[in-house]
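Novice: Please find the sequence and the predicted model below.
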Amino acid sequence: MDTNIALTIIGVVLTFIGVVFIAIPKVVNEKADPDLPSDAVNIAAMFRAANGGFGFALGMVAIYSRNLPSEYASTVLLSLGTGILIVNLSLISGKIREFGELPIPPMILLLTLTFLAYYAALF
């Protein structure tokens, strides 16, 4: 797969997630955890918005890196893929440490982006 296409897909997805998390963090929290105690809603929204900022930032890195020569773009893709994989592993560690249930749909999306990044970078 062309690195330009992979970086565009990853960039658009991460930017979209970031914008949603920043724009409507309370709604995202309600969908993710409908039983969130009322005194934790604002704190959880603050952390969700901060996570959105990270997603948005990584999405912008991917989008701005689209036109790099393939050897440089491959390095960016390997970095993004590894970073996204670490996010997934940290979610799994939360389950192991009994913080709550695994968010399966986001984990599948992130795993798909990881495979896309590695595939485009290595093949």
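Specialist: All right, it came through fine. Numbering: from 1, shown residues only.

Novice: Would you mark the buried spots in the strand or helix carrying Ile92?
Specialist: Using DSSP states H and E, the element containing Ile92 is helix 70-96. By 16 or more other CB atoms under 10 Å, the buried positions in helix 70-96 come out as 73-74, 76-77, 80-81, 84-85, 87-88, 91. C-beta here means a position set from N, CA and C on the backbone, and glycine is covered the same way.

Novice: what's the following helix or strand after it?
Specialist: The element immediately downstream of helix 70-96 (helix or strand, assigned by DSSP H and E) is helix 104-122.

Novice: Show me what that following helix packs onto, helices and strands only.
Specialist: helix 3-23, helix 70-96 (3 or more CB pairs under 8 Å, 6 or more residues apart in numbering; DSSP states H and E).

Novice: change it to 10 Å
Specialist: helix 3-23, helix 41-64, helix 70-96 (3 or more CB pairs under 10 Å, 6 or more residues apart in numbering; DSSP states H and E).

Novice: any chance of these in JSON lines, plus mean pLDDT and distance to Ala32?
Specialist: Below are the helices and strands packed on helix 104-122 laid out as JSON lines (pLDDT from 0 to 100; distance: least, CB to CB, whole Å):
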{"stretch": "helix 3-23", "mean pLDDT": "98", "distance to Ala32": "10"}
{"stretch": "helix 41-64", "mean pLDDT": "97", "distance to Ala32": "8"}
{"stretch": "helix 70-96", "mean pLDDT": "97", "distance to Ala32": "12"}
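
Novice: which residues does the nearest residue to Arg66 once chain neighbours are set aside contact?
Specialist: Closest residue in space to Arg66, ignoring its immediate chain neighbours: Leu7 at 4.6 Å, by CB to CB, 6 or more residues apart in numbering. With contact set as CB atoms under 10 Å, 6 or more residues apart in numbering, Leu7 has these partners: 59, 61-68, 73, 76-77, 80, 116-117, 120-121.
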